[in-house]
Each structure stands twice: as C-alpha cells, then as structure tokens.
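*Asks:* need a structure here:
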Amino acid sequence: MPGLLRGVARTAVVAGTATAVSGRVQRRQAEKYADRDAGIAAQRTQSYQEQVQAAAPPPAAAPAPPPAPAPTATTDLVAQLKALAELRDQGILTDEEFADQKAKLLG
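*Replies:* Alright, predicted model coming up:
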C-alpha cells in the first residue's frame, strides 16, 4: 500500500502544480490582452468622435440682437433743444438764431 499512496500523492502534487502554473499563465495573458483591447477601444472611440465632428453641420450663427428701439420724437426733440442751448451758451448762436431754430423744432 505504501507504493499506492506514494503514487497518488505524486499525482496530486503534479496536478496541483500544473493547475497553478496554468492559472498564472492564463491571468498574464488576460491582462496582456485586456491592455491591448483597451488601446484598440480608445483608438476606435477617438476615430468615431472625429468622424462625428467632421460630419456634423457647423453650429448655427447666433441670432443678431434685436435693433435698438428708435428714439421717440420727444427724446429727439429734447436732445436737439439741449444742443441748441449749448451752442447759444458757447456764443456760437445768438439769441435770435436760437429762438428761430427753437421755433422750427417746435413747429
């Protein structure tokens, strides 16, 4: 019986060692291929994004801001009267010229 027990023990050791080595080799290959696959996936993603950007229509131009409201006649009239008053105060217009221009503006 001791020979039989020795043969079984030897077979168990050989099988255990083979399993351990096989598992280690399998893990190393899985890591190696995982890194390679991750690199390929990154390249494909980048290529896809470049194609999408190239095929996408250019962004629409921002709409122009609405035009400023036209000044009202009253605001315009007041501004013209102030300008005439400044010209009179500076001595460029006489009192008669100021009065004539004022009368024309007021109608």
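
*Asks:* Quick check: next helix or strand after the helix ranked longest in the chain?
*Replies:* When the chain is parsed with DSSP state H, its longest helix is helix 2-55. The element immediately downstream of helix 2-55 (helix or strand, assigned by DSSP states H and E) is helix 73-90.

*Asks:* Report the rounded mean pLDDT for that next one.
*Replies:* Per-region confidence: helix 73-90 scores 85 on mean pLDDT.

*Asks:* do stretch 13-29 as well
*Replies:* Averaging pLDDT along stretch 13-29 gives 83.

*Asks:* Number the residues from 19 up from this point.
*Replies:* With the count now opening at 19, the last piece we talked about shows up as stretch 31-47.

*Asks:* Could you list the residues in contact with that stretch?
*Replies:* Stretch 31-47 has contacts (CB atoms under 8 Å, 6 or more residues apart in numbering) with no other residue. For every residue, glycine as well, the C-beta is placed using N, CA and C.

*Asks:* chain center to that stretch: distance?
*Replies:* With CA atoms, centre = their mean, to the nearest Å as the basis, stretch 31-47 stands 50 Å off its chain's centre.

*Asks:* Leu111 against Gln119, yeah?
*Replies:* Yes - judged on CB atoms under 8 Å, Leu111 makes contact with Gln119 at a distance of 7.2 Å.

*Asks:* Identify the contacts common to these two.
*Replies:* Common neighbours of Leu111 and Gln119 (CB under 8 Å, 6+ apart) are Leu102.

*Asks:* can you list the domain ranges for this structure.
*Replies:* Domains of the chain are assigned by automatic domain parsing as 19-74, 91-124.

*Asks:* deepest of the ones you listed, which one?
*Replies:* domain 91-124 (a mean of 12; mean count of other CB atoms under 10 Å).
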